[in-house]
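Enquirer: coordinates only, sequence not included:
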């Protein structure tokens, strides 16, 4: 027999309430912020302009980024107009943010436990980092929606060994094809995910490692289905580039630049191009690769130290603090500490620009990091059965040991920190309150 994931009705009701709360909070936020911000010269400006030219057919060269977000932004601008596009995108971001809570619940329920999934969904629903993200006209909301949507769909697969039943096999094939498409679209949004399907392939092979020859053929078919769907999705952009611009690309072209940037310190796009020897006649990709190779070979130990410092710094800095004006909390506190750290000076610290909202970002982020690490360690003995969680986190951490890392780039694994943190909190609560009888628990406690 096959086993499917079941969710009790009580948890489903709480999940819908959490998703509704997430949507309401995000909509309130995006409706009160500046409806017509200036994006001149930034990533948002690039995405909106190139999205519009890609959709209306006026793009003269292949864009350096993947096409999915460009198509998304271009279609929105065609439908509602350039002026109203930012607000429309923010509303859609809010919907995708609420859906992310549902995806995280599915992942938490499948690989850890139902209460951890609910708590993680609730934390993401109210986290200021994720709420602010709904107001950003950038790739993250779409990328997280596609990535975790694909992982959640994969989690729907039954945990038992493959059945010979043809109907069950067709269902599994259909699910994995959908997973491949979603992950392909995610990689066409942010090319950093290009090798992520390897995590699911490893998990499929592990999960069915002790089965007979016939079942091995079945799991082989599942792996092939996943990879074919993924490659076909990726190939659409490659084929389009070859036909329209006679240009070969897989996913996007920014990876080589990111590898090079990872060998040095960011000093602005023109400065980086100049240091890499980029000119109008230079093959940019080759120049970046050669520049990175030269830097690494000249000082491999220094390179490793630089990469470690860069990644750790990106992980420790909460994302979206730049939304708030004024000096950072780190700068303010360091200044207070350097001037004698007197209690009388704390008032100036608390009264600084947006101190409390920034502090909330730090509390949520460091709470997720600290308890996330605890949750990872608690569940470490089941790391292979739960490899879609562990492997995905490890993949993005590993990829950014090579590619440059900033808080925005490592934000992709923030939902996983919340899942593991929720698991740690639930596990700790179970240990502390294990003597309480179920009848003494409130409805909310039973749901969590």
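Expert: That came through fine. Note that the structure is a prediction, hence the values are computed from the model and not measured.
Enquirer: so what's residue 67 up against?
Expert: Contacts for residue 67 were tallied using Cβ atoms under 8 Å, 6 or more residues apart in numbering; they are 54, 188, 237, 240. Placement of C-beta: from N, CA and C, glycine included.
Enquirer: can you check residue 396 too?
Expert: Residue 396 makes contact with 192, 410, 412, 413, according to Cβ under 8 Å, 6+ apart.
Enquirer: Residue 416 contacts residue 395, doesn't it?
Expert: No. Under the contact definition of Cβ atoms under 8 Å, residue 416 does not touch residue 395, with a separation of 10.5 Å.
Enquirer: Looking at those two, which is more packed in?
Expert: Between residue 416 and residue 395, counted using other Cβ atoms under 10 Å, the more crowded position is residue 416 (25 against 18).
Enquirer: ok, the residue nearest to the more buried one when sequence neighbours are not counted to residue 69 distance?
Expert: For residue 416, ignoring the flanking residues on the chain, the nearest one in space by Cβ to Cβ, 6 or more residues apart in numbering is residue 393 at 4.8 Å. According to Cβ to Cβ, to the nearest Å, residue 393 stands 23 Å off from residue 69.
Enquirer: now swap in residue 55 and tell me
Expert: Using Cβ to Cβ, residue 55 is found at 12 Å from residue 69.
Enquirer: ditto for residue 221
Expert: Relative to residue 69, residue 221 is positioned 33 Å away (Cβ to Cβ).
Enquirer: Name the residue in the two with the higher neighbour count.
Expert: The neighbour comparison of residue 221 against residue 69 (other Cβ under 10 Å) goes to residue 69, with 24 against 15.
Enquirer: which stretches of the stretch 101-250 of the chain aren't confidently modelled?
Expert: Screening the stretch 101-250 of the chain residue by residue with the criterion pLDDT under 70, one finds the ranges 158-167, 210-215.
Enquirer: which residue ranges form the helices in it?
Expert: Chain-ordered helices for the stretch 101-250 of the chain, with DSSP state H, counting those that start in this stretch as the definition, fall at 114-126, 128-133, 140-155, 166-187, 197-207, 213-245.
Enquirer: Now render the ones you listed as TSV, adding distance to residue 319.
Expert: TSV is the format used below for the helices of the stretch 101-250 of the chain (distance: least, Cβ to Cβ, whole Å):
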stretch	distance to residue 319
helix 114-126	13
helix 128-133	6
helix 140-155	9
helix 166-187	18
helix 197-207	23
helix 213-245	27
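Enquirer: so which of those gets nearest residue 335?
Expert: Relative to residue 335, the nearest member of the helices of the stretch 101-250 of the chain by Cβ to Cβ is helix 128-133, separated by 23.7 Å.
Enquirer: tell me what that closest one is packed against?
Expert: Under the contact criterion of 3 or more Cβ pairs under 8 Å, 6 or more residues apart in numbering; DSSP states H and E, helix 128-133 touches helix 9-32, helix 85-111, helix 355-378.
Enquirer: what's the first one in contact with?
Expert: Taking Cβ under 8 Å, 6+ apart as the criterion, the residues outside helix 9-32 that touch it are 7, 87, 90-91, 93-95, 97-99, 101-102, 105, 109, 114, 118, 121-122, 124-126, 131-132, 134-135, 443, 446-448.
Enquirer: Return a ChimeraX selection command for the buried portion of those.
Expert: In ChimeraX, this line selects whichever of those come out buried by 16 or more other Cβ atoms under 10 Å:
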select :87,90,91,93,94,95,97,98,99,101,102,105,109,114,118,121,122,124,125,131,132,134,135,447,448
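Enquirer: Run through who's touching stretch 224-236.
Expert: Here stretch 224-236 makes contact (Cβ under 8 Å, 6+ apart) with 173, 176-181, 183-185, 187-188, 194, 197, 200-201, 204, 250-251.
Enquirer: oh sorry, the question was meant for stretch 147-159
Expert: The set of residues external to stretch 147-159 that reach it, using Cβ under 8 Å, 6+ apart, is 2-5, 99-100, 102-104, 106-107, 109-111, 168, 172, 175-176, 178-179, 182-183, 186, 193, 196, 200, 207, 388, 392, 412, 415.
Enquirer: cutoff 7 Å now
Expert: Where contact means Cβ atoms under 7 Å, 6 or more residues apart in numbering, the residues beyond stretch 147-159 that reach it are 2-5, 100, 103-104, 106-107, 110-111, 172, 175, 178-179, 182-183, 186, 193, 200, 388, 392, 412, 415.
Enquirer: Just put the contacts of residue 67 in CSV and tack on neighbour count and distance to residue 421.
Expert: CSV is the format used below for the contacts of residue 67 (neighbours: other Cβ atoms under 10 Å; distance: Cβ to Cβ, whole Å):
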residue, neighbour count, distance to residue 421
54, 19, 39
188, 27, 30
237, 20, 36
240, 15, 41
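Enquirer: Roughly how far does the closest residue to residue 111 other than its chain neighbours sit from residue 153?
Expert: Spatial nearest neighbour of residue 111, excluding adjacent residues (Cβ to Cβ, 6+ apart): residue 386 at 4.1 Å. With distances defined as Cβ to Cβ, the gap from residue 386 to residue 153 amounts to 17 Å.
Enquirer: Same question for residue 114.
Expert: Between residue 114 and residue 153 the distance is 18 Å, computed by Cβ to Cβ.
Enquirer: Does the residue nearest to residue 416 touch residue 415 like I think?
Expert: No. With contacts defined as Cβ atoms under 7 Å, residue 393 does not count as touching residue 415, sitting 9.9 Å away.
Enquirer: who has more neighbours, the two?
Expert: More neighbours surround residue 415 than the other of residue 393 and residue 415, with 27 against 20 (other Cβ under 10 Å).
Enquirer: ok, the more buried one - contacts?
Expert: Residue 415 touches 100, 104, 124, 144, 148, counting by Cβ under 7 Å, 6+ apart.
Enquirer: can you list the residues you listed in TSV and add distance to residue 79?
Expert: Listed next are these as TSV, based on distance: Cβ to Cβ, whole Å:
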residue	distance to residue 79
100	24
104	30
124	29
144	23
148	26
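Enquirer: of the residues you listed, closest to residue 310?
Expert: Proximity of these to residue 310 was ranked by Cβ to Cβ; the top entry is residue 144 with 22.3 Å.
Enquirer: Thanks a lot, see you next time.
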